[in-house]
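K.L.:
Here is a sequence together with a model predicted from it:
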Amino acid sequence: MHMKNMTLNNQHKSDLVAKIKTYFEQNLDYDIGQFDAEFLLDFFAKELGVYYYNQGVQDAGQLVNEKLEDLQHTLYEIEQPLPR
(Lines give C-alpha, C1' and ligand atoms only; values in the text may rest on other atoms or scores of the structure.)
Protein backbone atom coordinates (compact mmCIF):
# COMPACT_ATOMS: atom_id res chain seq x y z
CA MET A 1 0.00 0.00 0.00
CA HIS A 2 1.34 3.41 -0.93
CA MET A 3 1.05 6.62 1.01
CA LYS A 4 -1.47 8.83 -0.70
CA ASN A 5 -0.39 12.29 -1.72
CA MET A 6 -0.97 14.62 1.17
CA THR A 7 -2.26 18.07 0.49
CA LEU A 8 -3.12 20.89 2.82
CA ASN A 9 -6.33 22.79 2.51
CA ASN A 10 -5.94 26.44 1.52
CA GLN A 11 -6.46 27.76 5.05
CA HIS A 12 -3.84 25.47 6.59
CA LYS A 13 -1.35 26.27 3.83
CA SER A 14 -1.98 29.98 4.27
CA ASP A 15 -1.49 29.70 8.05
CA LEU A 16 1.79 27.80 7.63
CA VAL A 17 3.11 30.24 5.04
CA ALA A 18 2.37 33.08 7.45
CA LYS A 19 4.27 31.24 10.20
CA ILE A 20 7.26 30.73 7.90
CA LYS A 21 7.26 34.41 6.98
CA THR A 22 7.02 35.42 10.63
CA TYR A 23 9.83 33.06 11.60
CA PHE A 24 12.15 34.47 8.95
CA GLU A 25 11.30 38.05 9.91
CA GLN A 26 11.67 37.56 13.68
CA ASN A 27 14.58 35.12 13.81
CA LEU A 28 16.58 35.82 10.69
CA ASP A 29 15.67 39.47 10.09
CA TYR A 30 14.75 38.57 6.52
CA ASP A 31 11.58 39.23 4.53
CA ILE A 32 11.17 35.94 2.69
CA GLY A 33 8.15 36.93 0.63
CA GLN A 34 4.96 35.01 -0.11
CA PHE A 35 6.20 33.00 -3.10
CA ASP A 36 9.43 31.93 -1.44
CA ALA A 37 7.61 30.94 1.77
CA GLU A 38 5.15 28.81 -0.25
CA PHE A 39 8.04 27.24 -2.15
CA LEU A 40 9.84 26.46 1.11
CA LEU A 41 6.67 24.95 2.61
CA ASP A 42 6.20 22.73 -0.45
CA PHE A 43 9.84 21.64 -0.25
CA PHE A 44 9.58 20.77 3.45
CA ALA A 45 6.30 18.94 2.91
CA LYS A 46 7.77 16.87 0.10
CA GLU A 47 11.16 16.15 1.66
CA LEU A 48 10.31 15.97 5.38
CA GLY A 49 6.61 15.17 5.45
CA VAL A 50 7.12 11.44 4.97
CA TYR A 51 9.18 11.26 8.17
CA TYR A 52 6.42 12.89 10.20
CA TYR A 53 3.79 10.77 8.44
CA ASN A 54 5.67 7.55 9.23
CA GLN A 55 6.13 8.60 12.85
CA GLY A 56 2.39 9.27 13.06
CA VAL A 57 1.65 5.83 11.63
CA GLN A 58 4.02 4.22 14.14
CA ASP A 59 2.50 6.19 17.02
CA ALA A 60 -1.01 5.19 15.92
CA GLY A 61 0.06 1.53 15.68
CA GLN A 62 1.50 1.65 19.18
CA LEU A 63 -1.71 3.21 20.51
CA VAL A 64 -3.81 0.53 18.82
CA ASN A 65 -1.59 -2.18 20.34
CA GLU A 66 -1.95 -0.64 23.81
CA LYS A 67 -5.72 -0.44 23.44
CA LEU A 68 -5.87 -4.06 22.27
CA GLU A 69 -3.90 -5.13 25.33
CA ASP A 70 -6.34 -3.20 27.53
CA LEU A 71 -9.23 -4.91 25.77
CA GLN A 72 -7.65 -8.33 26.28
CA HIS A 73 -7.27 -7.61 30.00
CA THR A 74 -10.89 -6.46 30.19
CA LEU A 75 -12.09 -9.63 28.48
CA TYR A 76 -10.00 -11.74 30.85
CA GLU A 77 -11.56 -9.93 33.82
CA ILE A 78 -15.12 -10.73 32.73
CA GLU A 79 -14.37 -14.34 31.86
CA GLN A 80 -16.40 -16.70 34.02
CA PRO A 81 -14.80 -19.61 35.87
CA LEU A 82 -15.56 -23.05 34.55
CA PRO A 83 -17.75 -25.25 36.77
CA ARG A 84 -15.93 -27.99 38.64
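P.N.:
Thanks, I have it.

K.L.:
And the average pLDDT for stretch 10-17 is what?
P.N.:
The pLDDT scores in stretch 10-17 average 97.

K.L.:
buried set for it?
P.N.:
Leu16, Val17 (16 or more other Cβ atoms under 10 Å). No exception for glycine: its C-beta is placed from N, CA and C like everyone else's.

K.L.:
Phe43 versus Val17, what's the distance?
P.N.:
As judged by Cβ to Cβ, to the nearest Å, Val17 and Phe43 stand 12 Å apart.

K.L.:
for His12, that is, sorry about that
P.N.:
His12 is 17 Å from Phe43, where distance means Cβ to Cβ.

K.L.:
what does Glu69 give?
P.N.:
In terms of Cβ to Cβ, Glu69 sits 40 Å off from Phe43.

K.L.:
What of Met1?
P.N.:
Separation of Met1 from Phe43 (Cβ to Cβ): 26 Å.

K.L.:
out of these two, which sits in the busier spot?
P.N.:
When neighbours are counted by other Cβ atoms under 10 Å, Met1 and Phe43 differ, and Phe43 comes out ahead with 10 against 3.

K.L.:
Which secondary structure element is home to that one?
P.N.:
Under the criterion of DSSP states H and E, Phe43 resides in helix 34-78.
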